[in-house]
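Asker: this is a predicted model, with the sequence first.
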Amino acid sequence: MKLILLDRDGVINQDSPDYIKSPEEWTPLPGSLEAIARLTRAGWQVVVVTNQSGLARGLFDAATLEAIHQRMTQAVESVGGRLRGIYHCPHGPDNGCDCRKPLPGLFHQVARDLDVDLTGVPAVGDSPRDIEAATTAGCRPLLVRTGNGARALAEGRIPQGIPAYEDLAEVVQALLGQCPSSKGGPSKRSQ
């Protein structure tokens, strides 16, 4: 099975320091939906793995999160893509769970549910906690400069050797072997 794990905010859709609290606030990043559709057409299974502490903070409820995810799913499907699953951590930073990134609990849940080994599975994120969770789970972490990625990279908070791409579209080009970065590293324009 060709599997890829994607963070949500900052990778698929625009991030907000005030959280995405309603379906109306969910706005896809340019090219992200089409990138997921390209993966789908190439036979990849796409799974979203996302922290959603806005639930624990009382900024929105489970029904609203479901509506946000329904909007995302419909947007992906409208361009020919498909999401195999959406996994979220509803906890806050002080709840002591193992599913909140940077811990790998959500990744382990995906592995159990899909009965797969995550070793080397690409996992795309825009923050140090995404990269740490992916690394701990045995995935191949990939950073995008969208969302918090460019700032985290500029501040030196991303470990050396982690490939960095402009956006999800460039990651997909690399994975599908259609740009110079197909050998596993970032393209020249994203270094």
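Answerer: Alright, I've got the coordinates. The model shown is predicted, which means the values in this text are computed figures rather than measured ones. Residues are numbered from 1 along each chain as shown.

Asker: tell me where the chain has helices.
Answerer: Counting by DSSP state H, the chain has helices at residues 32-41, 62-78, 105-114, 128-136, 149-154, 168-175.

Asker: wait, Trp26 touches Asn13, no?
Answerer: Yes - with contact defined as Cβ atoms under 8 Å, Trp26 reaches Asn13; the gap is 5.4 Å. For the C-beta atoms, the positions are set from N, CA and C on the backbone; glycine is no exception.

Asker: tell me how far Asp115 lies from Glu66.
Answerer: 25 Å (Cβ to Cβ, to the nearest Å).

Asker: touching, Arg38 and Val172? I think so.
Answerer: Yes - counting by Cβ under 8 Å, Val172 is a contact partner of Arg38 at 5.3 Å.

Asker: those two: who's more crowded?
Answerer: Neighbour count, other Cβ atoms under 10 Å: between Arg38 and Val172, Val172 has more, with 26 against 21.

Asker: OK, contacts around the residue nearest to that one when sequence neighbours are not counted?
Answerer: Distances taken as Cβ to Cβ, 6 or more residues apart in numbering put Ala35 closest to Val172, at 4.2 Å, once the chain neighbours are dropped. Counting by Cβ atoms under 8 Å, 6 or more residues apart in numbering, Ala35 touches 167-169, 171-172.

Asker: if we can go back for a sec, so for Asp115 and Glu66, which residue has more residues nearby?
Answerer: Glu66 (13 against 7).

Asker: on that earlier part again, most tightly packed of the helices of the chain?
Answerer: helix 168-175 (a mean of 24; mean count of other Cβ atoms under 10 Å).

Asker: pretty sure Thr27 contacts Asp15?
Answerer: No - look at Thr27 against Asp15 with Cβ under 8 Å: they stay out of range, at 10.0 Å.

Asker: okay, these two: which has more neighbours?
Answerer: Between Thr27 and Asp15, counted using other Cβ under 10 Å, the more crowded position is Asp15 (21 against 13).
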